[in-house]
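Student: any chance you can model this:
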Amino acid sequence: MPQNPYLNVLLTALLTVVFILVSSILLASLAWLLARLFRQTAREQQNAFAGYLFAAPWITGFLIFVLVPLGFSLYWSFTDYRVTASAPPQWVGLENYRQLLLADDGFRASLLNTLYLTVLGLPLQMVVALLLAVLLNQKMRGERVFRMAFYLPVILGFNTAVLLIWRLMLNTGTGIINQLWRAAYQIPGVSELLRGIIYVQEVSAAFFLGLNNRSFNLMYKVIEAGFPEVNRVPLWVQSPLWSKMSVILLMVWGCGAMMLIFIAGLNNIPKELHEAAEVDGASPAQRFWKITLPLLTPYIFYNLVVGMISTLQIFEPIFVLYRDNQPLLSSAISMVYYLWQKSFSHFEIGYGAAISWVILVIILSVTLVQFALQNRWVHYDIY
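Tutor: As a prediction, the model looks like this:
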């Protein structure tokens with residue numbers, strides 16, 4: 001290889017183009033040969049050659065970048081493979097899975113934390129998205145501006161710069177969120193509500209921490225302390241009782257994609273149904289529960305499936321908010337963060353591969369259960 005870095009880049013690009021062309025021609029020729037062996041017509045042979053010639057780059061990419069890595073990952077999950085060791089992978093059979101499922105407290109904690117985010121955070125995210133969709137579905141001035149504003153977090157995504165800004169906003173003393181929280185205490189009747197939210201959140205978080213630590217002493221202490229004092233604010237990134245809730249707050253902030261799906265569903269509901277119900281004397285709440293919500297169930301189901309898969313793989317907020325805060329990391333760590341930690345921090349590739357396959361089985365099982373149960377509550381009749 002030449003020493004000039006620019007020539008290296010050009011040569012690599014040239015070799016990549018040559019590889020794509022050669023692999024495409026070879027795959028198309030194989031398809032043509034198979035069509036000929038099965039005695040198809042000349043036109044069908046030409047169509048097979050042309051079709052696979054254009055599809056070959058994607059097929060080759062799938063084989064090289066998806067199927068082959070999957071095969072290696074599955075093999076490594078049955079081995080003791082550490083990239084820092086000079087020895088080749090040592091076959092250990094099901095030992096990685098036995099250790100992971102029966103003896104690894106770290107994975108158990110990550111599983112419970114992910115369950116907390118899924119059970120509490122995902123429904124809250126969907127409810128907020130549906131509420132915003134209903135509000136933005138009203139015909140009003142500036143509707144498109146509001147839609148763009150609420151969808152903007154999806155465009156920004158969970159990149160490092162945005163999450164670092166959130167880290168500053170969640171600061172207990174100077175963060176704008178807690179400053180607004182303190183200001184809300186001055187509103188008559190809101191003080192008890194805010195204190196109740198803090199109390200319920202800390203009790204539920206202490207319960208999940210008790211499941212992780214196998215000791216519920218912290219939960220008992222929170223219950224004995226009773227309602228927090230006036231002007232008490234959440235300790236978003238300073239307390240293990242609030243670490244998971246800060247991640248849920250970020251999930252809710254990024255609900256714009258779900259909101260758009262719900263808006264599309266609301267626009268597909270025939271207006272005649274609402275008009276007929278209104279003539280019959282149905283109130284807006286009755287029309288929502290009896291007409292809108294049942295007809296939105298296909299969109300709710302879609303958001304539920306996609307949202308659950310996304311939540312079970314959550315990584316970026318935890319990585320940015322708590323990577324440098326080791327005392328709080330165990331209270332917020334997710335399954336995918338634990339996978340990253342074992343694979344790219346401890347360099348235990350074999351064990352990390354086993355974690356990835358367990359996560360795959362969990363996601364696949366949850367998704368299959370959702371599809372199996374959809375006939376009980378999802379209504380496609382109107383469509």
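Student: which is the next helix or strand following the longest helix that the chain contains?
Tutor: Longest helix of the chain, by residue count under DSSP state H: helix 5-37. Per DSSP states H and E, helix 5-37 leads on to helix 42-62 as the next helix or strand towards the C-terminus.
Student: circling back: buried stuff in the longest helix of the chain?
Tutor: Neighbour-count burial for helix 5-37, counted by 16 or more other Cβ atoms under 10 Å, picks out 23-24, 27-28, 31-32, 35. C-betas here are computed from N, CA, C, even on glycine.
Student: swap in stretch 45-54?
Tutor: Result for stretch 45-54 [16+ other Cβ under 10 Å]: buried residues 45, 48-49, 52-53.
Student: which other residues reach it?
Tutor: With Cβ atoms under 8 Å, 6 or more residues apart in numbering as the contact definition, stretch 45-54 has outside contacts at 24-25, 27-32, 34-36, 40, 59.
Student: got the angle for the longest helix of the chain vs helix 42-62?
Tutor: Orientation check (axes from the mean of the first three to the mean of the last three Cα atoms, to 10 degrees): helix 5-37 against helix 42-62 gives 140 degrees.
Student: give the other helices and strands that helix 5-37 contacts.
Tutor: helix 42-62 (3 or more Cβ pairs under 8 Å, 6 or more residues apart in numbering; DSSP states H and E).
Student: average pLDDT for the helix it packs on?
Tutor: Throughout helix 42-62, pLDDT has a mean value of 91.
Student: gap between that helix and the chain center?
Tutor: Offset of helix 42-62 from its chain centre (Cα atoms, centre = their mean, to the nearest Å): 35 Å.
Student: how about stretch 77-84?
Tutor: Mean-position distance between stretch 77-84 and its chain equals 27 Å (Cα atoms, centre = their mean).
Student: and if you look at stretch 205-219?
Tutor: Centroid displacement of stretch 205-219 relative to its chain, using Cα atoms, centre = their mean, is 25 Å.
Student: now do that stretch, average pLDDT.
Tutor: The average of the pLDDT scores along stretch 205-219 is 88.
Student: from one end of that stretch to the other, what's the distance?
Tutor: With Cα to Cα, to the nearest Å as the measure, stretch 205-219 spans 8 Å from end to end.
Student: list the buried ones in it?
Tutor: Neighbour-count burial for stretch 205-219 flags 205-206, 208-209, 211-212, 218-219 (criterion: 16+ other Cβ under 10 Å).
Student: can I get those in JSON lines with secondary structure and distance to Met308?
Tutor: Formatted as JSON lines, these follow (DSSP: H, G, I helix; E, B strand; the rest coil; distance: Cβ to Cβ, whole Å):
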{"residue": "Ala205", "secondary structure": "helix", "distance to Met308": "21"}
{"residue": "Ala206", "secondary structure": "helix", "distance to Met308": "25"}
{"residue": "Phe208", "secondary structure": "helix", "distance to Met308": "18"}
{"residue": "Leu209", "secondary structure": "helix", "distance to Met308": "23"}
{"residue": "Leu211", "secondary structure": "helix", "distance to Met308": "20"}
{"residue": "Asn212", "secondary structure": "helix", "distance to Met308": "21"}
{"residue": "Leu218", "secondary structure": "helix", "distance to Met308": "28"}
{"residue": "Met219", "secondary structure": "helix", "distance to Met308": "27"}
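Student: among those residues, which one lies nearest to Ala354?
Tutor: Distance to Ala354 across the buried residues of stretch 205-219 (Cβ to Cβ) is lowest for Asn212, with 20.8 Å.
Student: got the contact list for that closest one?
Tutor: Contact partners of Asn212, counting by Cβ under 8 Å, 6+ apart, are 105, 108-109, 112-113, 330-331.
Student: just the buried positions in whichever strand or helix holds Ser356, please.
Tutor: Here Ser356, judged by DSSP H and E, is contained in helix 349-373. Neighbour-count burial for helix 349-373, counted by 16+ other Cβ under 10 Å, picks out 349-359.
Student: which helices and strands does it pack with?
Tutor: Contact here means 3+ Cβ pairs under 8 Å, 6+ apart; on that basis helix 349-373 packs against helix 68-76, strand 79-80, helix 95-98, helix 297-312, helix 335-340.
Student: Trp181 is nearest to which of these?
Tutor: helix 297-312 (25.3 Å).
Student: dump that closest one to PDB, keeping only the CA atoms.
Tutor: Extracted in PDB, the C-alpha atoms of helix 297-312 (Å, rounded to 0.1, in the frame of the first residue of the first chain):
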ATOM      1  CA  THR A 297     -55.600   0.900  18.200                       C
ATOM      2  CA  PRO A 298     -53.700   0.000  15.000                       C
ATOM      3  CA  TYR A 299     -51.500   3.000  15.500                       C
ATOM      4  CA  ILE A 300     -51.200   2.400  19.200                       C
ATOM      5  CA  PHE A 301     -50.100  -1.100  18.400                       C
ATOM      6  CA  TYR A 302     -47.500   0.100  16.000                       C
ATOM      7  CA  ASN A 303     -46.100   2.600  18.400                       C
ATOM      8  CA  LEU A 304     -46.100   0.000  21.200                       C
ATOM      9  CA  VAL A 305     -44.100  -2.500  19.200                       C
ATOM     10  CA  VAL A 306     -41.600   0.000  17.800                       C
ATOM     11  CA  GLY A 307     -41.300   1.800  21.100                       C
ATOM     12  CA  MET A 308     -40.800  -1.300  23.200                       C
ATOM     13  CA  ILE A 309     -38.000  -2.500  20.800                       C
ATOM     14  CA  SER A 310     -36.400   0.900  21.100                       C
ATOM     15  CA  THR A 311     -36.700   1.000  24.900                       C
ATOM     16  CA  LEU A 312     -35.300  -2.400  25.300                       C
END
